[in-house]
Structures are given as structure tokens and as C-alpha cells.
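Colleague: just coords:
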């Protein structure tokens, strides 16, 4: 059986108390129903029933089993194919995939929600391979094909998207941050890292640069407060030696006292420079 000849393939469990396993395969020429009997007795080989599409209307036994196990919508789908009804659901697989290839991923998802049959058709492995190509936007590697043989294209796509989301979360950081303050918070961390890598003699010069940053004009008082906090935290975390509080004049001409609460690590050498 070639892949293009396969119209639909479904698997389901029989309703209780029976737990038999059913597999339905619909091709362009026949309907095949496989039944695996689940029991505690000796092993029983699967039971197979076949019916040509041209004779399907007269096969009452297989029709009844399909209706009970898979539902009326699957039975009507089989009857439509047998009657050669031409609509989107009953198109040959090759033509259906050519149409789906022209749709965007979100449109394929919308199509799968229009009916139960479209849900089954759009969840086939061939359709998920098309969605994988649209989402990844690169040629399919040999390793991807090998993994897809084990977990399917849907499972492979989910795995790839999970990895991408983890990378994005790691790069951007977790937790919500105000949009207006994100640049200042990022610059704060950069300043802290720079100061930590400086020598003790260069700390005063770096501190002067930070003071000039805080004296830049800002549009509102709220941004001023955030800027002062950033400056204070940057100095404290940098562990710059200082023995007395300092005052910084902000953009709106208001003096803010910041207690650096850091003592000189070299107590036997009193600080000569006033920062």
C-alpha cells in the first residue's frame, strides 16, 4: 500500500466491558478493519475484515462495527468515499496534502476544528510534517527524520518548540519587569559587572561615570526614583570603599541622600580621596 493511497487510519478501544483493540484503514480501493482480542487466555491472532469500496454499501457487519467503535462520522466518511462523493474531505491524500501545503499553520488548525473527520485528517503524520516545515523554516535534517520515525512529526515539533521556549526564557530572564524600566535595569547589571572587574584604584573613576548617568534628564519623578535606586544598588553591590554618605543632585534639582553603608576594607590605610 503506497502512502498516497491511504485515506485515513484510526485506532480505538472497544467500549466496556470488552477491551478489544480496533484498527481501521481506509484506502482508495477498500476498507480494512483489524481486531485484536484482549483476553487472559491463549494468544489469538488479530482478526481482519476487508470490504471493497464498491461493495461497502452491502457489508452490514463491518458497517455496524465501524459505527459502534469509531462513530457515525467515520461510517459516513466511508460511505462518501464508497459513493465517490467529491468534496474536500474525500479527496485523495496526495491532492489534499497539496491544498494543505498552501495554508498557514493557523489555518490548518482552524480547518481541523471544523469537523471530526477534518480533525483526524489534519492530525495525520503527513500533515504534521508540513506544519513542522512551516514552523521550523529550514530544510529537514536527517536526524529530524530519524527522530520523527520514533515519536512522529507532531512529537518532534513539540520537542523543538519546548527547546526554543527554554532558550528564550533563559536569554530574556523570568519574571515580569516594567517596560519603561527594563533598559535601566539592564544597564544597572552591566554597570555592576563592570565595576566588579575593575581594580580598586579605578573604582572612583567608575563612580563618577555613574553619577553623570544619574544626572541625565528624565521625564517624570517615577523614573527618577527608579534611577536613584539603581545607582544605590550598583554602588552597594560593587563594594566600593567609602566612609561617609554622599548626596547626588537629580535632574529635577532635588538632593537625595544615599547611604552607601560600606566601610573601607583597608582599615589600616584611611581613604585619602573623597568620592
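Modeller: Yep, it's here. All values reported here derive from a predicted model rather than from experimental measurement.
Colleague: in the stretch 51-200 of the chain, which ranges drop under the pLDDT threshold?
Modeller: For the stretch 51-200 of the chain, applying pLDDT under 70 flags the ranges 173-200.
Colleague: rerun at 90
Modeller: 84-94, 105, 109, 116, 120, 123, 133-145, 147-148, 150, 154-200 (pLDDT under 90).
Colleague: show me the contacts for the closest residue to residue 65 other than its chain neighbours.
Modeller: Among residues not flanking residue 65 along the chain, residue 33 sits closest, at 6.2 Å (Cβ to Cβ, 6 or more residues apart in numbering). To be clear about C-beta, it is placed using only N, CA and C from the backbone, and glycine gets the same treatment. By Cβ atoms under 8 Å, 6 or more residues apart in numbering, the contact set of residue 33 is 22, 23, 24, 25, 48, 49, 50, 62, 65, 66.
Colleague: quick one: residue 33 is in a strand?
Modeller: Yes: under the criterion used here (DSSP: H, G, I helix; E, B strand; the rest coil), residue 33 sits inside a strand.
Colleague: Mind checking which of the contacts of residue 33 land in helices?
Modeller: 62, 65, 66 (DSSP state H).
Colleague: Hmm, the first one is touching residue 51, no?
Modeller: Yes: between residue 62 and residue 51 there is a contact under Cβ atoms under 8 Å: 5.2 Å.
Colleague: Tell me which residues touch the residue nearest to residue 61 when sequence neighbours are not counted, please.
Modeller: Nearest residue to residue 61 in three dimensions, chain neighbours excluded: residue 49, at 7.3 Å (Cβ to Cβ, 6+ apart). Neighbouring residues of residue 49 by Cβ under 8 Å, 6+ apart: 32, 33, 35, 61, 62, 65.
Colleague: State the number of residues packed around the first one.
Modeller: Put plainly, it is residue 32. 16 (other Cβ atoms under 10 Å).
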